[in-house]
Structure formats: C-alpha cells, structure tokens
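In: let's see this in three dimensions:
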Amino acid sequence: MKPQMNTDKHGLMNKSICVYLCSSVVALIALAIALPAPAQQIIISEAMTADSYVRGQTRSRRSSVRNRGFIRGRVVSNEGQPLANARIIVRAVGSQPGPSSNISSDEMGEFLVDDLAPAIYVVGAIVPGYIDANNPSNEPRFYHRLGDTVTITLTRGGIITGAVTSVDGIPVVAVGVRALQVRDVDGRPLRIPRGFRNAETDDRGVYRIYGLPPGSYVVIASGSAFANNSLSAYAEDVPTYYPSATRDTATEVSVHAGQELTGIDIRYRGERGQAVSGTVSGAVSTGSRSGSVNISLINAATSATEATTFISAQDTNRSFAFYGVPDGDYEVFAQSFSATEGGAVSPARAISVKGSDVTGLNLTLAPLGSVAGRVLLDQQADPLLKAACKGRRATLLEENLLTALRDLKPEGARPRRTFSRRSWVIAPDQRGEFHLQAVEPGRYLFDANALGETFYIRSIAIASGDKNAPQADISANGLTVKSGEKITGLTITLAEGGARIEGRIVGNAAGLPPALRVILVPAERENKDKLLRYGEVAAQSDGAFKFANIAPGRYYLLAKRVAEPAMAGEPFRPLVWDAETRVGIRMEAEQSSAVIELKPCQKLADYSLRYNAPSKGSGARKPI
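Out: Numbers count the residues shown, from 1 in each chain. This is a model prediction of the structure:
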C-alpha cells in the first residue's frame, strides 16, 4: 500500500573538524537516495499537468539511445515569476552519487534534461537564498518518470544578521555562527533540530545567515563549530547562544520567509570547554567514502548534533577528539559507509561531561547488513484485466520504487543515535534485481512507494535454507535483519490491477479533530492476517486522503484519531503493524463501516468517509 558535521599538546586538534549538523555540497548528490538535504537547498518539484508546454528549453545532449527519454520543467518563485539560471538536479533514485548535470533554467525558468534511461527520478533546483518552505527537510516528496513535466516553486528564505562582540564590546572576528532550527513554523519542537547554513564574522564582528526556512531558531557562536578549518583561535571555547547564554537559557528567534531579522547580537562568553577523546576500533571497509570514519557528538537533551569529526580509515592510530564541549550529557558514535561493502556503525556511547575532560572512549565498529533480491511482475493474460487497465500508463520494472521501512517502535528516554536511518529504497534494475547496503539491524516491512499506477504488491517471500523447500512468506511479520547479516533470495512479486481511492473525511458541525488517520482494512476473512492488504495514511488538515496500488477486493475504510505527535518530524508508524492493535481495528471497522469493493484498476474518487467522534464519557475510541 502507498501511504503517503591549532594543534595542541595532544596532537589531535588538526583532526577535529567540529562541524555542527549543517548542509554541505556533498548532500546535493545524495538526494536521490533520500538522505537529509542541505541548506543551499535542492527544491523538490511538484507535478504539473501532462500537457504543460515548455518554451525555449535549456537542455542536455539529445537522446540517441532507444528507450531513453527526457524530463522537462520550469522553476518559478512563489509569486509565479520565472527564475533563470537555477541549477537543475536530476537523479535516478537508488543510483550511486556521481557527477551532477550542468543544466540550468533559461530566462523563462524552463529546462529540459534528456538522454535519460528508464528509472524513477527526483528533480530539484538550487537557487542561492531560496527554499521550499513546505519541505524544509528536502526529502523527496514527488517522483518522476520519463516524459514528465514538472514545476519547482521556490520562495525566498529568511535572514538572520547581527554582530558578535566580547564582554568588553570588542568585535569577535572570524568566529563561526550557526542558526539551529528548534521549532517548525507552527511552533512544534523538532524531534531532531536542523542546522541551516553557517556564517563567519567579518572584521567588524558582523555575520549574516540567509536561506532559512520559517520557524524558530537558536543562534550560536562557536570557534570549533563548523568546519572549514580547525585552526580557530576559539576552538576550545564552549558555544555561546544568543544573546549571551548557554543552551538552556538561549533566546529563540522567529524567522519568516523572505524576512530579514536584524540586531541578533551575541555577547561572546569565551569560556573554555572540556575535551572528549578516544579511539575507533573494528573493521573499516576499504571502500569507505573518502576513506574516512566520522564520529558524532549528540546532545542527549535535544538530539542535536553538537559536533562531527573525521579520521582516516587508513590511519593506524584512529584517535579522535572534540574540544570546547560544555558540561552536559551526550552520546558518541562512529560510522563509515561503503558503496560496495556496506560500511559499519558503532553502538552509541552515553557520556557525561562535568567540569573535566572525558578520555579513553573506545568506539567499536560493527558491520552493517545487506539484503539482495528481485522484483518480479506476475503478468496475466486475462482479457478482462487487460481491458480494465487499458489506457493506463505502462511502466518498466526499473520504473517502480518500493521502500523497506525499519520498525522504529516508540522510543523511550533519550539519548538516541540520530543518524539512524528509517527507510531503504528498493529501486530494481531492468532485470528486477536490487541490493540494499548498510542495512541496520531490525525488523523491516515493505511499502509501495512509487509503483506504476496499475501495480500492487502481491507477495513478499524469502528463500529458505533448503533450496528444495518453497520460499517463506514474510509479508505478515516482515524481514528481520541481524548485525552484519547478508540476506539473499528476497522476492517481491507485483501484479497488475492495482486500484486507487481518493476521498475526504467528513465530520459534524464542530469540524474534524487533528491527527486523523484513515485505515484500509480487508473485508475478506481469509485476508485478515495479510499485512499487505492493509493500508494506513495520515489525513490532510482538510480531511483529504488517498490510497494507491491497492489489490482488488473488498475493504472497510475507518477514520481513527491518534495522539498528536509531541514533536515535528516524528516517524509515521502505522497502527496496523502491531498484530494485537490490528485485531481491534478490524473489529471496529466491521462494526462501523460499509464495505467497498474495488475492481482491478478502478479509481474511486470523491469518496466521503464519515468520522463519528466518540460520545462524552463513553471511553471509546480515544486517541491512541
């Protein structure tokens, strides 16, 4: 179902590049594998109508290979004005990072990229100072295939400017300043604070940070914060938060799109911090990106990345150190990744800094797992099925996208390792084969992310140890991956006939409560334990919802209120993933819902789903 980072006496300072969680150009080419994106933003496009006309294109080399094609589009401001010379990024999902295109939008904001092989693509644009205010994390929301026409709408980001001075009023020159977003535009705290763009003060002590998404920020001045070199005169100082505070007493500033916020002046405290140091052990893959291992220092109270340092994978010493660390609770972990060998991650070490250095840490890298398999298409010669799906867009195997979702159960008290991934993209090649690398231990379930409109997931199975035994169905309980385990023989079978539902929840005169989910429940008793037949999406604020790639059959639809997430960015975890909860949902659906029968390739539009709020004192159907 488709639910919608001065040498001192230790000799280590030159290795410590204390980079707060911020953007980098490297992140641009990682967009297609759905990593968090940078502050100089790649703006993910929204789909336009198929008959949109594009004039005067700026284009890549022409298509010369059969079955290759193009994607075209336009970059505009939120006022609808064309944006010329925007750098266009087009990347096949699941592809390895490589050279980016040299395509730019023309004077009309238009572009065309051709000679593209069949695949699922993300399309983005870079314009300095502009953002997508509706998608600050820049994670792909829209996927495209060959022949699509897209539009990319940008708005000017916010700006924070001010001066950094010493306690005596003297300008602090060449100190790093960072804006860390701690709340979204609606005031909800972020589960993981986001760092956007870094600045350095000039000879007047003045800084300027631009391209900020709307929200609330804390502004930090720190000598070892960012990055470009570790020879800062302030490298051992603890961070000073606006106006002249620690993190606990920092004043938040509110940023709006296109607004310049002036006078955010910081009185630099210049207090010496502590050091956190140790070594990294364990196997490091020879194919590690840039031949390095990165070590991160995470604030246990806020989940913010305080600093990151890098060491060479070929360095036999493998020692690391952070400087200027304020008192507090933290966790430290190391990771290295390889495009060919998967990489390794250490368990997080919880530490407490209290007035003295923390030394002698040992972070042991453990190998990550991998999953290899195939996506198959069960094509049927049924003339009735062919007739029902006639006119729908045909897609090749490599033009389909699935996702393996790690089951992150509700977390308890922090700290937690914030770089931990939740999802892995399954992007099959033209033979249907796929290979997931750097897979963390855990339970995985599978989702139709961007399947062709006529497909649905029929089954998911894995080869057993006995080659003569049939494959084991894992669609109900998912796939469990152990540390370093290399799993092969996973088979995901697609079938034709996928249906679609689009509708809206309607309530009483009082309106709809927040945090509503719509759950699709199979009505046939024989399908009650088949998790692939269930679907679950979060309704929009106006009650709108949609499901795609649904297996034909009979279903209930249930609108159910859940507890509002305490923080923005909390992972969406379907209620139906828990077997016991699923039983209760099914019973509720049977009692309160009418049955919907979906035919192959049917599109059910404008469906009205009534939400009946529980009566007072009933104790039933409380948010869960």
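
In: how distant is stretch 475-482 from the center of its chain?
Out: Here the centre of stretch 475-482 is set off from its chain's centre by 22 Å, with C-alpha atoms, centre = their mean, to the nearest Å.

In: and if you look at stretch 577-594?
Out: 30 Å.

In: can you tell me the element the nearest residue to Ala495 once chain neighbours are set aside falls in?
Out: Excluding the flanking residues, the one nearest Ala495 by C-beta to C-beta, 6 or more residues apart in numbering is Arg458, at 4.1 Å. In this view, the C-beta of every residue, glycine as well, is placed from N, C-alpha and C. Take DSSP states H and E as the rule and Arg458 turns out to sit in strand 455-462.

In: which strands and helices lie in contact with that strand?
Out: Here strand 455-462 touches strand 369-378, strand 442-450, strand 472-473, strand 486-496, strand 544-550, going by 3 or more C-beta pairs under 8 Å, 6 or more residues apart in numbering; DSSP states H and E.

In: that one: how far from the chain's middle?
Out: For strand 455-462, the separation from the chain centroid amounts to 25 Å (computed by C-alpha atoms, centre = their mean).

In: cool, and stretch 198-216?
Out: 25 Å.

In: between the two ends of it, what distance do you get?
Out: Stretch 198-216 has its terminal residues 16 Å apart, counting by C-alpha to C-alpha, to the nearest Å.

In: stretch 356-375 too?
Out: With C-alpha to C-alpha applied, stretch 356-375 spans 55 Å between its terminal residues.

In: and the gap between Val253 and Gly162?
Out: Applying C-beta to C-beta, to the nearest Å, the value for Val253 to Gly162 is 10 Å.

In: more neighbours, the two?
Out: The neighbour count for Val253 versus Gly162, taken as other C-beta atoms under 10 Å, is higher for Gly162 (24 against 19).

In: isn't the more buried one up against Gly263?
Out: Yes - using C-beta atoms under 8 Å, Gly162 is in contact with Gly263, at 6.0 Å.

In: ranges for the helices of the stretch 451-600 of the chain?
Out: With helices called from DSSP state H, counting those that start in this stretch, the stretch 451-600 of the chain shows them at 579-592.

In: joint contacts of Val253 and Gly162?
Out: Counting by C-beta atoms under 8 Å, 6 or more residues apart in numbering, the shared contacts of Val253 and Gly162 are 219, 242, 264.

In: which non-adjacent residue is nearest the last one?
Out: So that's Ile264. Among residues not flanking Ile264 along the chain, Gly162 sits closest, at 3.7 Å (C-beta to C-beta, 6+ apart).

In: Ala125 versus the one you found, what's the distance?
Out: Relative to Ala125, Gly162 is positioned 30 Å away (C-beta to C-beta).

In: identify the residues contacting Leu516.
Out: Each residue near Leu516 by C-beta under 8 Å, 6+ apart is listed here: 505, 538-539, 543, 559-562, 611.

In: which members of those residues are the farthest-apart pair?
Out: With C-beta to C-beta as the measure, no two of the contacts of Leu516 lie farther apart than Gly543 and Val562, at 14.7 Å.

In: out of the contacts of Leu516, which end up buried?
Out: With burial judged by 16 or more other C-beta atoms under 10 Å, the buried subset of those is 505, 539, 543, 559-562, 611.

In: so which of these belong to strands?
Out: Members of the buried ones among the contacts of Leu516 lying in strands (criterion: DSSP state E): 505, 559-561.

In: for this structure, give me the ranges with low pLDDT.
Out: Where the chain drops to pLDDT under 70, the residues are 1-66, 96-101, 133-141, 224-231, 285-291, 338-341, 410-420, 468, 509, 614-624.
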